[in-house]
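>>> Return atomic coordinates for the entry below.
(one chain, ligands or ions: 1)
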Amino acid sequence: MKSFEVAAVVSGGASGLGAATSRALAARGAAVTILDLNEDAGTALAAELGGHTTFVRTDVTDEASVEAAIAEATGKDRPLRIAINCAGIGWAERTVNRDGSAHGLPQFTKTVMVNLVGTFNVLRLAAAAMARTEPGEDGERGVVVNTASIAAYDGQIGQIAYAASKGGIVGLTLPAARDLSSVGVRVCTIAPGLVDTPLLGSLPEEARTALASGIPFPRRLGRPEDFAELALAIVEHGYLNGEVIRMDGALRMAPR
Ligand SMILES: NC(=O)c1ccc[n+]([C@@H]2O[C@H](COP(=O)([O-])OP(=O)(O)OC[C@H]3O[C@@H](n4cnc5c(N)ncnc54)[C@H](O)[C@@H]3O)[C@@H](O)[C@H]2O)c1
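Predicted coordinates:
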C-alpha cells in the first residue's frame, strides 16, 4: 500500500506505542480513529492531531463497542485500509505464588481476554469492513498489524498470563493471513522488546538503565517511534504477510 490517504483504526491508540502510531499515521495523511478505554488521553490526542482524527471510547473485548468504532472509521470519506492493534495490559504472577497459592484464574482470563481476544475482535471486524472496499494495487484491500511481545518467545518468571496471551497473537498471525488472502488483507505482527512507554517511564532511572544495559545493540530502550516506523513500513510493504517481526535490539530475556 503506497498511499496513506485512507482510513485507519488504532486500538490502544491513546498511549504509548498506539499513540506514536496514531501520530505517525495522521502525519502521513491517514484519517485515524483512535480506539481506547482511556477517554481523557484519547480525546486529548484526537484534538491535538485534528484533521480527520477522531476518538471512540472502545473496549476491545466487547463486540458492540468495536462494531461502533469500526462504523465510525468506515463512515469517513475514504476506505478503511489500516488496522493497528496496540491495546494491551500486563499482569505479573507466578503459576504457584511464593505463599503456595495458585495463580488467580480471573487474572489469567482477563489478560487473555484483553490481549488475545481483543486483538482478534478488532482484526475480524476491521477485516470484514476492509473486505467490502474496492481493491487497490495487487488486489490489496487492507492490512492489519498486531502487537505481540518478545515474551511470546522468552516469557519470564511471573509472565505466564502475559506470555500466553502474546503467544496466541503470534499463533493467529499466519492463519489470519491465510484466511484473509481471499479478500486481499495482509496480517503481520510486531513483537517488541523493551520500549520506553508510560509503563516503563514510571520506573526509576536506575532501573531503566539496568534494563537497557541488557540489550545487545542499540544499547537503549526502544522508542515508541521505532514501533510506529516499523508499523508504517509493514503497511507500505505489500509483500510482507503472515509474519511476526521481533523489534528488540537482539534482546533475549533471561528467566528472570
Ligand atoms: N512497552 C513495551 O515495552 C512493550 C513491549 C512489548 C509489547 N508491548 C505491547 O504493546 C502494546 C502497547 O503497550 P504500551 O507500552 O504502549 O502500553 P500503554 O499502557 O501505554 O498503552 C496501552 C493502551 O491500551 C489501552 N487499553 C487497555 N485495555 C483496553 C481495552 N480493553 N480496550 C481498549 N483499550 C484498552 C489502554 O487504555 C492504553 O491506552 C501492548 O499490547 C503491550 O503488551 C509493549
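>>> got the contact list for Leu251?
When contacts are counted by CB atoms under 8 Å, 6 or more residues apart in numbering, Leu251 touches 150, 193-194, 214-216. Just so you know, the C-beta spots here come from the backbone N, C-alpha and C atoms, and that holds for glycine as well.
>>> Lowest pLDDT pick from the residues you listed?
Among the contacts of Leu251, Gly214 has the lowest pLDDT, at 92.
>>> What confidence value was assigned to the nearest residue to that one once chain neighbours are set aside?
Leaving aside its sequence neighbours, Gly214 sits nearest to Leu251 (CB to CB, 6 or more residues apart in numbering; 6.5 Å). If you check Leu251, the pLDDT there is 97.
>>> How about Thr173?
On the pLDDT scale, Thr173 is placed at 99.
>>> pretty sure Glu134 contacts Leu80?
No - look at Glu134 against Leu80 with CB atoms under 8 Å: they stay out of range, at 11.8 Å.
>>> Near the ligand, which residues of the stretch 101-250 of the chain are found?
Neighbours of the ligand within the stretch 101-250 of the chain, by CB under 6 Å from any ligand atom: 114-115, 118, 147, 149, 192, 194-195, 197-200.
>>> I'd like the residues you listed laid out as JSON lines, including neighbour count.
Shown next, in JSON lines, are these (neighbours: other CB atoms under 10 Å):
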{"residue": "Val114", "neighbour count": "21"}
{"residue": "Asn115", "neighbour count": "28"}
{"residue": "Gly118", "neighbour count": "26"}
{"residue": "Thr147", "neighbour count": "26"}
{"residue": "Ser149", "neighbour count": "29"}
{"residue": "Pro192", "neighbour count": "23"}
{"residue": "Leu194", "neighbour count": "21"}
{"residue": "Val195", "neighbour count": "20"}
{"residue": "Thr197", "neighbour count": "21"}
{"residue": "Pro198", "neighbour count": "11"}
{"residue": "Leu199", "neighbour count": "15"}
{"residue": "Leu200", "neighbour count": "16"}
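>>> Tell me which of those residues has the lowest pLDDT.
Among these, Leu199 has the lowest pLDDT, at 74.
>>> host element of that one?
Counting by DSSP states H and E, the element that carries Leu199 is helix 198-201.
>>> same deal with Ser22?
Element membership of Ser22, judged by DSSP H and E, is helix 16-27.
>>> which residues sit against that helix?
Against helix 16-27 from outside (CB under 8 Å, 6+ apart): 4, 8, 10-14, 32, 34, 36, 41, 45, 49, 51-53, 82, 84, 86-87, 147, 192, 195, 197-199, 223-225, 227-229, 231-232.
>>> what does stretch 66-81 give?
1, 5-9, 31, 33, 35, 52, 54, 56, 58-60, 121-122, 125-126, 129-130, 133-134, 136, 141-143.
>>> Quick check on these: which are buried?
Buried members of the contacts of stretch 66-81, scored by 16 or more other CB atoms under 10 Å, are 1, 6-9, 31, 33, 35, 52, 54, 56, 58-60, 121-122, 125-126, 129-130, 133, 136, 141-143.
>>> Those residues in strands, which ones?
7-9, 31, 33, 35, 54, 56, 142-143 (DSSP state E).
>>> Out of those, which is nearest to the ligand?
Nearest to the ligand among those: Leu35, at 6.1 Å, using CB to the nearest ligand atom.
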